[in-house]
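# Just to be clear, the model below is a prediction. Sequence and coordinates:
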Amino acid sequence: MPGRLGEEMYGWAVDLFPLNRSITGPGLRETLRYLQRIVPELMLHEVPSGTRVFDWTVPDEWRVNHARLIGPDGEVVVDFADNNLHLWGYSVPTQCRVSLDELQPHLHSLDYNSDAVPYRTSYFAPKWGFCLSHDHRLSLKPGEYTVDIDTVLEPGSMTYGELILPGDSEQEILLSSYCCHPSMANNELSGPIVTVALARWLQSLDRRRYTYRIVLAPETIGSLAYLSRNLDAMKRNTVGGYVLSCIGDDRSYSYLPTRWGNTPVDRVARHILDTTVGTYNVRPFRNRGSDERQYNSPGVNIPVAVLSRSIFGMYPEYHTSKDNLDLISPAGLQGGYDLVRNVVLAWENNAMYRRDMPGEPFLSKYGLYEEVSYLRNDMFFFIRDVAAFADGEHDLIALAEMNNLSIVECIDVIDKMLACKLIARV
Amino acid sequence: MPGRLGEEMYGWAVDLFPLNRSITGPGLRETLRYLQRIVPELMLHEVPSGTRVFDWTVPDEWRVNHARLIGPDGEVVVDFADNNLHLWGYSVPTQCRVSLDELQPHLHSLDYNSDAVPYRTSYFAPKWGFCLSHDHRLSLKPGEYTVDIDTVLEPGSMTYGELILPGDSEQEILLSSYCCHPSMANNELSGPIVTVALARWLQSLDRRRYTYRIVLAPETIGSLAYLSRNLDAMKRNTVGGYVLSCIGDDRSYSYLPTRWGNTPVDRVARHILDTTVGTYNVRPFRNRGSDERQYNSPGVNIPVAVLSRSIFGMYPEYHTSKDNLDLISPAGLQGGYDLVRNVVLAWENNAMYRRDMPGEPFLSKYGLYEEVSYLRNDMFFFIRDVAAFADGEHDLIALAEMNNLSIVECIDVIDKMLACKLIARV
Amino acid sequence: MPGRLGEEMYGWAVDLFPLNRSITGPGLRETLRYLQRIVPELMLHEVPSGTRVFDWTVPDEWRVNHARLIGPDGEVVVDFADNNLHLWGYSVPTQCRVSLDELQPHLHSLDYNSDAVPYRTSYFAPKWGFCLSHDHRLSLKPGEYTVDIDTVLEPGSMTYGELILPGDSEQEILLSSYCCHPSMANNELSGPIVTVALARWLQSLDRRRYTYRIVLAPETIGSLAYLSRNLDAMKRNTVGGYVLSCIGDDRSYSYLPTRWGNTPVDRVARHILDTTVGTYNVRPFRNRGSDERQYNSPGVNIPVAVLSRSIFGMYPEYHTSKDNLDLISPAGLQGGYDLVRNVVLAWENNAMYRRDMPGEPFLSKYGLYEEVSYLRNDMFFFIRDVAAFADGEHDLIALAEMNNLSIVECIDVIDKMLACKLIARV
């Protein structure tokens, strides 16, 4: 059963669902302002249209006044007001009358998912078009159709959100998600919502070992713009991070590793997934699909993995009108939040230990066994192994895994052993 | 069929079996003196009660005058004189009369092994008690029992034995076993007996490449005391070593690796086990149970493995009266001795080889094939491979394994190749 | 269906088949002169009898005038003129009359291959003898046999061929085969024939990245003599190479790795075998049998693998009269040639790439997708992955394998990406 937080996060999703997000424009900006009300320290930044970001250029800002397709008999075939997925993202303003044949290249539907409205955009090539279900499309009759797309494409800016939470170390963990999808819930309201909930929790901690860099931007062009402004600092400080995406449904968890596959980013995440989730999907980096593409690129070289439940491209509702508020749930969002929170806890607590006194400790004089037996029997063996392997080469993750434990279960006992000076942190 | 040595070793076990060994006291001291008669160079050392050894303290010396439990009708329930396992090790002197209910916490038996007398001690917490078979315990009737434990606990010393056999190199191999168990045969008379037989053989060698450090001490507190007196020398010189334990029965061999699992100590032992034994049990280091716990501890860092037949904790007679002279045998002791002797031979003979002349040797001019064919056909391929891989990176173990041979089968042929100057030692 | 080249190579085999090759003598010399007519730059060298080459000595030159075994009734049992395999290679001149019993140690046949004439030599021990089929041998009747072996063994020289094709780099790839087998086709006319065809192709290239060192010599003593004259240059420049042997039949391909097994020589060959052949035999280096024995020897240390179809020792016709012109084919020779040519193309084109601009490229502006879609759909993913992994640590083989492609399929696309400056060669 989800806690209060799951319900709260789901409420944010309900509020944000109707907004017409894109890589620029009012829907994106309003979404970020809503999230800013939850974590007021989230800073919003604007990048002007036309700004060069590496190999790319920030496009004009796009907004929709209205958009409709009217049929031969004057009936409304699809209306943006009913579902913002009906209009291709970045459709250019168009008023015209066309035959059904002329219209077809401007329609998009999915024959294999025939009752869903798909999601399509054309950010960088000037196009227009409508999405509708395949069943609906097949029912269209010949005749003259009226295209009434009242959109505006003009110089403006692209908005992103950023929050830096300083820690004891300048070394940073990046948490990144994106806010450019219109009315779809798992992909992608779950990512920014869980990210903001984590930000609020991280803020509440007395003390953080790592600095946290939290980025909410439009996908691809947004993370590229963010990188272009922060590349030096991130190359210097960012140890690695996670893209949170599709993390609010109730299905299996998924993991897409960093480009290297064997970095501390991967080790920590896999440990938490292995010990708290157990069975989960592992996608190869070749199936990358979100902002990890930019963070891991050779010119950036920051190891960033993706934490998901039903990962992008791998669930039937993906990029359609079926990815709606029924697909995510309070429990689903809570599960995603708990996963990432445990990953963060692992980063905060993982360390190497050293025991300098030769021989095993004479444990009974520390009362540790007695105290520990209130916890769990397997903690006896854990304590014994921590003392035996505290050689400065085994970190807490290794010591936990040696005993089939999760690092999050071991934090208290390790603290007691440190207090007894049975071990010391390296 | 066991050789003369197996019979001789079994005879030592027969002599030593009745003594009441513990971590201190006359039984331990007499056992070491008996072994000293076999290898007179074995030095006995005493560590006073109260000596701090790392996190531990050497306890008072313990000896037993007599110990009996008398039943309600005056009958002797158990008598230490019948079997020294009946009295808990380090039982404090006690004279009292108690009801059966009051007695129960001072009795120990095994419901899953109901006709065996188990072995129990309480070295560091002052307790008293009796062990008996579970069947016997269930037959006890209510009434008043007389506890008559005439033991002495007073400052004295703890005895251990040590023998250093110098070799060409100051680098040492450690052989360690323990002498603190009362009347049990496999665990642990087999270990000290095989160790002493090996010491006698090592002494007889014209020349030793390595120095051998042989330690016979009470388990845990004894090896800790030994380490506390010799730590600097051992950290400087001891390459690694083996604890010999439970090595005289007729069952499968067992191997418990060093803490690292991949040291030369492991490589040499696994090679001998693989090529001379074939199938054997491998226990994880997590199942460690004897003095390897101290040698491998982070403050000591000497890689020490355990060589056993039925290893501690893994055979039904373990720590009971059934671990008696029927469980071990002359052939079992001989097999254990042969195993460790081969491990030592591997250490003495393993080396890297180099061949500097380009191309294959023109073997027929050395008469090697002819000489070798008296040995075995597979030696042809071994000779060929030694010449082909004598690149200073393949040691004799690697060359032997490449040909499914044991290093002990290859020593003669390698010596001939060296004599012909076909290869040189690195 | 074999191309023109397969037919041409088969024609060379037809011409060369009847010659009586050995490790010295006119048959060897004529074979090399024939190959020299195809590639006139092939240089022939002579090494005098008696020359010491490392542990070996070049033997006297051997030639056969005639050799016959005459039976009790005056009938010709075997005649060298019918099949040069009938006479043991390097048979000493012999004229004598012997009983069948006395003759038997001088006969060689195969009971497990009873209708084939086997191949036997005795280069370094002075012997004489005849080979015949086992069926034939069993039919010999008792009586007096006349041995008429008119051979000449006298100081002369051993011939080998060499061709150096300079490239942009002084780093060399070695291609080596041998010409010392009498009338057998796969082992070994296929090797020298494919080698010479490759030499002609390599000569025709506008530009070579690597220098190619091509050696055709008698097996063992010939490659040793060659090494003794060229060892310094080869140790300095030869990256590695391939022995071509048994490479003209129609059966599966085979691979025998270098002594190390994981050198670039192995990586390149295994990549081509994996991606263009798929299923093939891998032999261990322990099964080495040709000149790779000398090149890989510790005093030489040049990694050389063997590329074969039915590899030596592993096909039923091996070293018998059944290894004739029916066993090889135009298509078989062409397949062997194509394999090695692809290996050479891989060496010429494999390189590391770097992408310095952060983020993914904005691919649509380069028109690459459009151009590439004429090629193949999977090239989209290849381009994407090249950009994502151009970190100076992934070579073209790694990038191709990541996409289940062969390097030879990727050369054009990589050239286009280089031209667009999307990546740069390291």
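Sure, I can see it. Numbers count the residues shown, from 1 in each chain, chains lettered A, B, ... in the order given.

# quick one: contacts for whatever residue of the stretch 101-250 of chain A ends up closest to chain C?
Residue nearest to chain C within the stretch 101-250 of chain A (C-beta to the nearest C-beta): A:Leu224, separated by 4.7 Å. Every C-beta, even on glycine, is put in place using the N, C-alpha and C of the backbone. By C-beta atoms under 8 Å, 6 or more residues apart in numbering or on different chains, the contact list for A:Leu224 reads A:53-54, A:56, A:294, C:358-359.

# Can you say which of the residues you listed are buried?
Buried subset of the contacts of A:Leu224 (neighbour count, 16 or more other C-beta atoms under 10 Å in any protein chain shown): A:53-54, A:56, A:294, C:358-359.

# Redo those as a markdown table? Include secondary structure and distance to chain B.
Output for these, formatted as a markdown table (DSSP: H, G, I helix; E, B strand; the rest coil; distance: C-beta to the nearest C-beta, whole Å):
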| residue | secondary structure | distance to chain B |
| --- | --- | --- |
| A:Val53 | strand | 49 |
| A:Phe54 | coil | 45 |
| A:Trp56 | strand | 49 |
| A:Gln294 | helix | 40 |
| C:Pro358 | coil | 41 |
| C:Gly359 | coil | 42 |
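
# ok, the residues you listed vs C:Asn301, which is closest?
C:Asn301 has its nearest neighbour among these in C:Pro358, at 42.8 Å by C-beta to C-beta.

# Packing partners of the host helix or strand of A:Ala13?
Taking DSSP states H and E as the criterion, A:Ala13 maps to helix A:4-16. With contacts taken as 3 or more C-beta pairs under 8 Å, 6 or more residues apart in numbering or on different chains; DSSP states H and E, helix A:4-16 sits against helix A:26-38, helix A:191-204, helix A:330-349.

# Check which residues of the second one are buried.
Residues of helix A:191-204 classed as buried under the neighbour-count rule (16+ other C-beta under 10 Å) are A:191-199, A:202.

# returning to that earlier point: tell me the one among the buried ones among the contacts of A:Leu224 nearest to B:Leu327.
Nearest member of the buried ones among the contacts of A:Leu224 to B:Leu327, counting by C-beta to C-beta, is A:Gln294, at 68.1 Å.

# List the backbone torsions phi and psi for A:Thr238.
With angles defined as degrees, to the nearest 10, A:Thr238 sits at phi -80, psi 110.

# Tell me the residues of chain A that contact chain C?
A:53-56, A:124-125, A:220, A:224, A:227-228, A:231, A:259, A:286, A:288, A:293-294, A:296-301 (C-beta under 8 Å from any C-beta of the partner chain).

# If burial is judged by neighbour count, which of these pass?
A:53-56, A:220, A:224, A:227-228, A:231, A:259, A:288, A:293-294, A:296-300.

# and those residues, which of them are in helices?
Among those, DSSP state H puts A:224, A:227-228, A:231, A:293-294 in helices.

# Include distance to C:Ile423 and pLDDT when you put these into TSV, please.
Output for these, formatted as TSV (distance: C-beta to C-beta, whole Å; pLDDT from 0 to 100):
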residue	distance to C:Ile423	pLDDT
A:Leu224	18	98
A:Leu227	19	98
A:Ser228	20	98
A:Leu231	20	98
A:Arg293	16	97
A:Gln294	17	98
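
# Among those, which one lies nearest to C:Val64?
A:Arg293 (71.9 Å).

# Disregarding flanking residues, what is the spatial nearest neighbour of that closest one?
Nearest in space to A:Arg293, with sequence neighbours left out and distances taken as C-beta to C-beta, 6 or more residues apart in numbering or on different chains, is C:Glu360 at 5.5 Å.

# Which pLDDT value goes with the residue lying closest to A:Met402 once chain neighbours are set aside?
Leaving aside its chain neighbours, A:Met402 sits nearest to A:Asp385 (5.5 Å; criterion: C-beta to C-beta, 6+ apart). pLDDT, A:Asp385: 94.

# Okay, and A:Asp385 sits in which element?
helix A:378-389.

# isn't there a strand covering A:Ala398?
No - read with DSSP: H, G, I helix; E, B strand; the rest coil, A:Ala398 is helix and lies in no strand.

# ok, the closest residue to it other than its chain neighbours - contacts?
Closest residue in space to A:Ala398, ignoring its immediate chain neighbours: A:Phe389 at 7.5 Å, by C-beta to C-beta, 6+ apart. By C-beta under 8 Å, 6+ apart, the residues touching A:Phe389 are A:398-399, A:402, B:259, B:298.
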